[in-house]
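A.B. asks: what follows is a protein structure lacking sequence information:
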């Protein structure tokens with residue numbers, strides 16, 4: 001039975017079974033009105049029941065599982081585990097949980113790839129109440145026996161559909177094999193494909209399903225339009241849009257190589273920009289995201305690895321420079337704007353031969369995307385210095401067979417192909 005709380009005027013979190021001390025913390029953080037997923041999931045989760053939560057991105061799922069987890073950690077033995085698909089999401093969840101639990105003495109450990117193992121091992125030895133991590137790094141610690149899940153009493157899979165899309169099913173299976181049978185399991189996802197239901201059936205005990213938005217539901221206040229544009233004209237159209245829209249802009253590309261190229265092109269247009277994709281180190285990705293959040297960078301260019309990992313309010317425009325490989329990713333991409341009830345706009349570029357992809361998106365969102373007429377495009381800018389149209393580097397030149405060598409070899413020595421290089425010995 002949920003603990004009794006006294007209703008206080010002005011806060012919608014009262015009456016959900018939340019302990020008075022946590023309610024005071026929520027008040028101090030100016031959390032006064034729960035989102036629909038929080039209102040429905042929190043009372044069920046506080047009672048210790050398994051939960052399957054379905055809600056679109058930007059609807060407050062972190063607190064929907066974070067508040068019950070923090071409260072139950074004070075009531076039961078063991079520790080909590082939160083598994084997420086990306087480093088950015090793991091950082092955001094860690095920050096959110098520490099913000100709520102700091103005054104309660106909550107300790108967390110963050111286990112993510114791209115960061116040194118040593119500090120993570122140190123955090124685990126200090127006995128954290130909640131461990132937040134990505135599947136691969138959690139498996140690393142389990143295999144090295146620096147981490148055990150035998151005493152895990154609450155487990156959360158957040159963005160479960162994205163984890164399956166990224167191929168994490170084997171790692172998730174290993175994690176659950178290391179968990180005790182008696183536990184509370186919560187699964188949160190933006191969509192509910194068949195694979196998620198199979199996962200819920202396999203790993204959960206009579207879960208309560210909480211769904212506040214059906215699959216494909218868009219953020220309510222996001223307007224959308226699409227341009228049919230030739231590939232060679234995309235940069236000119238983007239140049240025009242960045243001149244018309246002056247606010248923060250998030251641009252999605254399909255590949256990391258295009259993200260890199262586009263970042264350089266946008267800087268040549270005179271805009272501050274940064275890139276975030278899997279080729280960037282953890283520190284580079286954090287710097288790019290914090291710079292975008294603070295206004296250091298007006299434009300952030302990202303691949304789909306960041307479509308659910310960017311929690312930034314006030315993004316004015318989302319541009320799909322490339323259509324996503326999956327229709328579901330369209331929903332997550334444009335969900336980066338219009339967050340928390342704010343307005344936003346999403347523009348997509350589609351080549352004339354991508355009409356099938358457009359129709360697939362329209363079937364998912366159950367509405368037609370309005371096609372806008374191309375504006376008068378600015379003149380084509382000169383190529384970015386050092387960036388060739390098809391590749392970022394010049395092909396290696398080889399001397400023709402029988403011709404002069406491109407460099408002079410040094411004197412040969414027995415057992416060596418050439419003279420010792422100048423850099424040898426300076427390691």
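C.D. replies: The structure has been received and is ready for your questions. No experiment lies behind these values; they were computed from the predicted model shown.
A.B. asks: buried sites along the helix ranked longest in the chain?
C.D. replies: Longest among the helix segments of the chain by residue count, using DSSP state H, is helix 87-101. Buried residues in helix 87-101, counted by 16 or more other CB atoms under 10 Å: 87-94, 96-97, 100-101. Where C-beta positions appear, they are placed from N, C-alpha and C, glycine not excepted.
A.B. asks: immediately after it, which helix or strand?
C.D. replies: Using DSSP states H and E, the helix or strand that directly follows helix 87-101 along the chain is strand 108-111.
A.B. asks: who touches that following strand?
C.D. replies: The contact list for strand 108-111 (CB atoms under 8 Å, 6 or more residues apart in numbering) reads 90-91, 94, 97-98, 101, 120, 123-124, 126, 128-134, 137-138, 141, 147.
A.B. asks: pLDDT weak spots in the stretch 251-400 of the chain?
C.D. replies: The stretch 251-400 of the chain contains residues with pLDDT under 70 at 305-311, 338-343, 383-400.
A.B. asks: now the strands: where do they sit in it?
C.D. replies: 273-276, 299-302, 317-320, 344-350 (DSSP state E, counting those that start in this stretch).
A.B. asks: the residue lying closest to residue 107 once chain neighbours are set aside in helix, strand or coil?
C.D. replies: Among residues not flanking residue 107 along the chain, residue 128 sits closest, at 4.6 Å (CB to CB, 6 or more residues apart in numbering). When classified by DSSP: H, G, I helix; E, B strand; the rest coil, residue 128 comes out as coil.
A.B. asks: quick check on residue 128: phi, psi?
C.D. replies: Dihedral angles of residue 128 (phi, psi; degrees, to the nearest 10) stand at phi -70, psi 150.
A.B. asks: tell me the spacing between it and residue 136.
C.D. replies: Per CB to CB, to the nearest Å, residue 128 is found 19 Å from residue 136.
A.B. asks: more neighbours: the two, which one.
C.D. replies: residue 128 (17 against 12; other CB atoms under 10 Å).
A.B. asks: so after whichever strand or helix holds residue 132, what's the next helix or strand?
C.D. replies: Assigned by DSSP H and E, residue 132 belongs to strand 130-133. Using DSSP H and E, the next helix or strand after strand 130-133 towards the C-terminus is helix 135-143.
A.B. asks: buried stuff in that following helix?
C.D. replies: Using 16+ other CB under 10 Å as the burial criterion, the residues of helix 135-143 that qualify are 135, 137-142.
A.B. asks: cool, stretch 290-303 as well?
C.D. replies: Going by neighbour count (16+ other CB under 10 Å), the buried part of stretch 290-303 is 291-293, 297-303.
A.B. asks: do stretch 255-269 as well
C.D. replies: Neighbour-count burial for stretch 255-269 flags 256, 258-266, 268-269 (criterion: 16+ other CB under 10 Å).
A.B. asks: following the record's annotation, map out the domains of this protein.
C.D. replies: Domain assignment for the chain, taken from automatic domain parsing, gives 20-211, 222-365.
A.B. asks: rewinding a little: could you dump the buried residues of helix 135-143 into a markdown table with pLDDT and distance to residue 62 added?
C.D. replies: What follows is those, written out as a markdown table (pLDDT from 0 to 100; distance: CB to CB, whole Å):
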| residue | pLDDT | distance to residue 62 |
| --- | --- | --- |
| 135 | 95 | 18 |
| 137 | 96 | 19 |
| 138 | 97 | 18 |
| 139 | 96 | 23 |
| 140 | 96 | 24 |
| 141 | 97 | 23 |
| 142 | 96 | 24 |
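A.B. asks: which of those residues sits closest to residue 329?
C.D. replies: Within these, the smallest distance to residue 329 is 19.4 Å, found for residue 135 (CB to CB).
A.B. asks: report the contact partners of the closest residue to that closest one other than its chain neighbours.
C.D. replies: Closest residue in space to residue 135, ignoring its immediate chain neighbours: residue 171 at 3.6 Å, by CB to CB, 6+ apart. Counting by CB under 8 Å, 6+ apart, residue 171 touches 135-136, 138-139.
A.B. asks: and these, which two are furthest apart?
C.D. replies: Among the contacts of residue 171, 136 and 138 lie farthest apart (CB to CB), at 7.3 Å.
A.B. asks: ranking the strands of the stretch 251-400 of the chain by burial, who's on top?
C.D. replies: Across the strands of the stretch 251-400 of the chain, averaging neighbours per residue (mean count of other CB atoms under 10 Å) puts strand 299-302 on top, at a mean of 27.
A.B. asks: partner strands of that one, parallel or antiparallel?
C.D. replies: Counting by DSSP bridges, the strands paired with strand 299-302 are strand 249-252 (parallel), strand 273-276 (parallel).
A.B. asks: list the buried residues for stretch 323-339?
C.D. replies: Applying 16+ other CB under 10 Å to stretch 323-339 flags 323-324, 326-339 as buried.
A.B. asks: so who does the closest residue to residue 299 other than its chain neighbours touch?
C.D. replies: Among residues not flanking residue 299 along the chain, residue 273 sits closest, at 3.9 Å (CB to CB, 6+ apart). Applying CB under 8 Å, 6+ apart, we find residue 273 in contact with 263, 266-267, 297-301.
A.B. asks: now the helices: where do they sit in the chain?
C.D. replies: With helices called from DSSP H, the chain shows them at 20-28, 36-46, 61-73, 87-101, 117-125, 135-143, 160-165, 169-177, 194-203, 234-244, 256-268, 282-294, 327-334, 355-365.
A.B. asks: I'd like the ones you listed as JSON lines, with distance to residue 347 appended.
C.D. replies: Shown next, in JSON lines, are the helices of the chain (distance: least, CB to CB, whole Å):
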{"stretch": "helix 20-28", "distance to residue 347": "36"}
{"stretch": "helix 36-46", "distance to residue 347": "28"}
{"stretch": "helix 61-73", "distance to residue 347": "27"}
{"stretch": "helix 87-101", "distance to residue 347": "23"}
{"stretch": "helix 117-125", "distance to residue 347": "40"}
{"stretch": "helix 135-143", "distance to residue 347": "33"}
{"stretch": "helix 160-165", "distance to residue 347": "23"}
{"stretch": "helix 169-177", "distance to residue 347": "34"}
{"stretch": "helix 194-203", "distance to residue 347": "30"}
{"stretch": "helix 234-244", "distance to residue 347": "7"}
{"stretch": "helix 256-268", "distance to residue 347": "15"}
{"stretch": "helix 282-294", "distance to residue 347": "18"}
{"stretch": "helix 327-334", "distance to residue 347": "9"}
{"stretch": "helix 355-365", "distance to residue 347": "13"}
